[in-house]
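In: Could you look at this predicted model? Sequence included:
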Protein chains: 2
Amino acid sequence: MDHMSPEEFRQHGHAMVDWLADYMTSLPERSVLHSAAPGSIREQLPAAAPESGESMQAMMSDVESVLLPGITHWQHPGWFAFFPANATGPSILGELLSAGLGVQGMMWDTSPAATELEERVMDWLVGLLGLPDSWRNEQGPGGGVIQSTASDATHTALVVARHRASKKGHSPSKLVVYASSQAHSSVEKGARVAGFEHIRLLATDDAFALQPEALEQAIANDTAAGLVPCVVISAVGATGTGAVDPVDAIGRITERHGLWHHVDAAWAGSAMVLPEHRHLQPGLDRVDSYVFNPHKWLFVNFDCSAFWVADRTALLDAMSVLPPYLRNAATESGQVTDYRDWHVPLGRRFRSLKLWFVLRHYGRDGLRKHISEHIAWADWVADQVRTSPHLELVTEPVLSLVCLQHIDGADATRALVTRVNATGHSAVTGSTLPDGTPFLRVAIGQANTRFEDVERLWSVLNTPVA
Amino acid sequence: MDHMSPEEFRQHGHAMVDWLADYMTSLPERSVLHSAAPGSIREQLPAAAPESGESMQAMMSDVESVLLPGITHWQHPGWFAFFPANATGPSILGELLSAGLGVQGMMWDTSPAATELEERVMDWLVGLLGLPDSWRNEQGPGGGVIQSTASDATHTALVVARHRASKKGHSPSKLVVYASSQAHSSVEKGARVAGFEHIRLLATDDAFALQPEALEQAIANDTAAGLVPCVVISAVGATGTGAVDPVDAIGRITERHGLWHHVDAAWAGSAMVLPEHRHLQPGLDRVDSYVFNPHKWLFVNFDCSAFWVADRTALLDAMSVLPPYLRNAATESGQVTDYRDWHVPLGRRFRSLKLWFVLRHYGRDGLRKHISEHIAWADWVADQVRTSPHLELVTEPVLSLVCLQHIDGADATRALVTRVNATGHSAVTGSTLPDGTPFLRVAIGQANTRFEDVERLWSVLNTPVA
């Protein structure tokens, strides 16, 4: 088959937009979770690519008949599982525009608009979320960049911290990373990938937060043992129960000991559009790096992870490599930002477009409205649980995350997770506390969710387990 | 502003598709390179996000007036710079579908279709490119996965190799990475990020290829010095001049010494749709990992980097971390693939859709036709250079890459690069040879390029420099 002409693209593009608009409309009628058995999708797909080209109609027919039964509908209004991964209209249009322009933003010179829009919208986020002004690209010494995922950003922070320690003469084999036992798996994984051999996942307090005294003690123990404490990773809204580590107290410790302090606010960071929740992350001026995911709860489709460093020097020192085929006058002038030096990948998409579209579509007031609604609905669920004869909270709700269990114990809680997920109209995630106790997570924040959807979930939760 | 309804998405989506179709049509009339000065885009953008929501019309107006002057048109038919980064119709539609479905493919259970389609299309590529059958997901012990960029994939290979060596008791500070001086910057960067302290970029032969004897000697020297040789990275089509390292000879060396052998065929890998070029990468059955980028020359839009390992055990051993909130019955059954264990990120887009659309749209015959055309056009350019009174090849062309210089020396070659890039209708990249000699790269492979565009480029190259 030949290349698709612009006119053919126009025709197929219109059909795809219509298909997606119909899909979006159909979501409430669909079963949230997939119905596939292992291998059931793969076995319907041919073993080899076709010899001759096929039509878009043939492919979309297979999307409907082969793929859709194996799709979990993350955009369903009854999505209360994991955390939200919102794909809203303006973000999808931004992704489409980015794909259609097809530019590479690896350096300023390979498409200045891609770099300068990203610098600007990352600065918009600093203002929108009340982050330290010194993190603005325009101001410095810090700066912000879009990375793919919080896993990538946390890994980057770990590499920069390791690099800084190495330059001080410390062998990587002696370096230690600290986080709570509730830290996201990306902390352990990122640390292992970055070559750390000592990873301390510390026991938490009753609210599942890192205890500064335990951190101090661990640092003292490791120092006494001849190791070199290097990085602490705090969570603001950890994945399991939404735990919030004491960022300010931890920052005082890391500052005193010269450790790198990275904050993972992947999910909860979006809530900082509301000033009344910023008390959850005090003392950010003492933090070395910070990540949150607009692709979770700020209505930008995956992937769009916002990463800041308080001082870009250490980042660039660890990440810059300049081969001859990338040399150019703009870079050598020192007047521009080359984002290739801010992460592992060289090539990069024009992801700031979708972030820009979302921030402009909603406006600051729209974002505040939707996020405060989600938090209010979670408060409503928590209030219902508090008065329920057969449910109880496992911890106080954090923002829009409610964690609960059945009073009849582990089996009843597991049965409740199964029951919700069998309804077709709602989905939740079951997890376990550090002591092994199972619990049920209700994560509110899907853009399509209305209060009626929350009520419908509650009607299932509120029925006694047989 | 409220969320965009499906009907509003339909309306704005149609408008965006029309805008893109018009943009595609306009490309030949546009100037390939941007006309922006540092800061000129940023200063036209407000300093803060708007308080109230704005219309898509307002945003698209700014795209046209503010952003487009700062766009480098990578999809222009006169794009001969860097390597191509094609964004074809079927791939854009696949990206749009992926964004619209908004599913997370981090685990099989979070959307089985995303995992199983990816397993299948990666197996399609094995057949299409003549790669070892043992790399098929369906067969094993190898397997393939889509990563974001070749930088990510090469970094992953380095981490796995380092992990394997650590388990044998070797300290990472003793491990050595080898590649040629022409290896892509991602090799040095990936090795530094992965914590390697010893990186040998070896001198090349006259065709800029790694010399097996030099590799043997370097391994012997390092071993004698108490270091531990660990990884060799071969290039099939290196970025500068398209150099092809002797994969088979290197594989015999790495096999004998127990080193990890990673092959970077980021650009040239696509040419393997043509069996007559597979002699460029003999002995792949002795390779441990391999990467090529469908997002360069196989007509899939960025990002889509195809990465294989010959044995998935080592990869999974280095990358698997399983927290309680990701546990599920499908994973525990061992019957499914969880791609989160195949790279650093946890979250992942449904990127196999665009690869599937492209392979089905073109068919195997369409891909062979377009790629062989590009190679034939490069051969034509090379033939013109050979008979030109003022130009000469700096090395024999490799596939669709022609590297040339002006016979009057460095200044004349640099002036030629400047002259081409000032035409508005064509763009090339200037680089330098290891000895510092500047040269001009003509990389053919943009999907919109026709032979007339190549002839127009040649008409500029073929005029004596004043």
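Out: Done, it's in. Numbering: from 1, shown residues only, chains lettered A, B, ... in the order given.
In: Going by C-alpha atoms from here, please, whenever you check contacts or count neighbours.
Out: Noted.
In: Show me which residues of the stretch 101-250 of chain A sit near chain B.
Out: Within the stretch 101-250 of chain A, the positions near chain B by C-alpha under 8 Å from any C-alpha of the partner chain are A:101-104, A:110-114, A:116-117, A:119-121, A:123-125, A:127-128, A:148-152, A:159, A:171, A:173, A:184-186, A:188-190, A:192-195, A:240.
In: A:His390 and A:Trp380, how far apart?
Out: Remark: distance between A:His390 and A:Trp380 (C-alpha to C-alpha, to the nearest Å) = 17 Å.
In: thinking again about what came up before, looking at the residues of the stretch 101-250 of chain A next to chain B, which are in helices?
Out: In helices, judged by DSSP state H, the following of those are found: A:101, A:112-114, A:116-117, A:119-121, A:123-125, A:127-128, A:150-152, A:159, A:185-186, A:188-190, A:192-193.
In: Buried ones among the residues you listed?
Out: Buried members of these, scored by 16 or more other C-alpha atoms under 10 Å in any protein chain shown, are A:101, A:112-114, A:116-117, A:119-121, A:123-125, A:127-128, A:150-152, A:159, A:185-186, A:188-190, A:192-193.
In: For the most centrally placed residue in chain A, grab phi and psi.
Out: Centroid-nearest residue in chain A: A:Asn293, 3.8 Å away (criterion: C-alpha atoms, centre = their mean). Dihedral angles phi and psi of A:Asn293 (degrees, to the nearest 10) take the values phi -110, psi 100.
In: Quick check on A:Leu20: phi, psi?
Out: Dihedral angles (degrees, to the nearest 10) for A:Leu20: phi -70, psi -40.
In: If you tally nearby residues, what's the number for the closest residue in space to it that isn't next to it in sequence?
Out: With C-alpha to C-alpha, 6 or more residues apart in numbering or on different chains as the criterion, A:Leu20 has its nearest non-adjacent residue at 6.3 Å, and that residue is B:Gly100. Residues near B:Gly100, counting by other C-alpha atoms under 10 Å in any protein chain shown, number 27.
In: for B:Gly100, what are its contacts?
Out: For B:Gly100, the contacting residues are A:Leu20, A:Ala87, A:Ile92, by C-alpha atoms under 8 Å, 6 or more residues apart in numbering or on different chains.
In: hang on, the second one in a strand?
Out: No: with the criterion set as DSSP: H, G, I helix; E, B strand; the rest coil, the secondary structure at A:Ala87 is coil rather than a strand.
In: What separation do you get for it and B:Leu97?
Out: 11 Å.
In: ok, these two, which is more surrounded?
Out: Per other C-alpha under 10 Å, whichever of A:Ala87 and B:Leu97 has more neighbours is A:Ala87, with 30 against 23.
In: The more buried one touches A:Gln75, doesn't it?
Out: Yes: assessed by C-alpha atoms under 8 Å, A:Ala87 is found in contact with A:Gln75 at 7.0 Å.
In: Spit out the residues that contact those two alike.
Out: Jointly contacting A:Ala87 and A:Gln75 under the rule C-alpha under 8 Å, 6+ apart are B:Leu101, B:Gly102.
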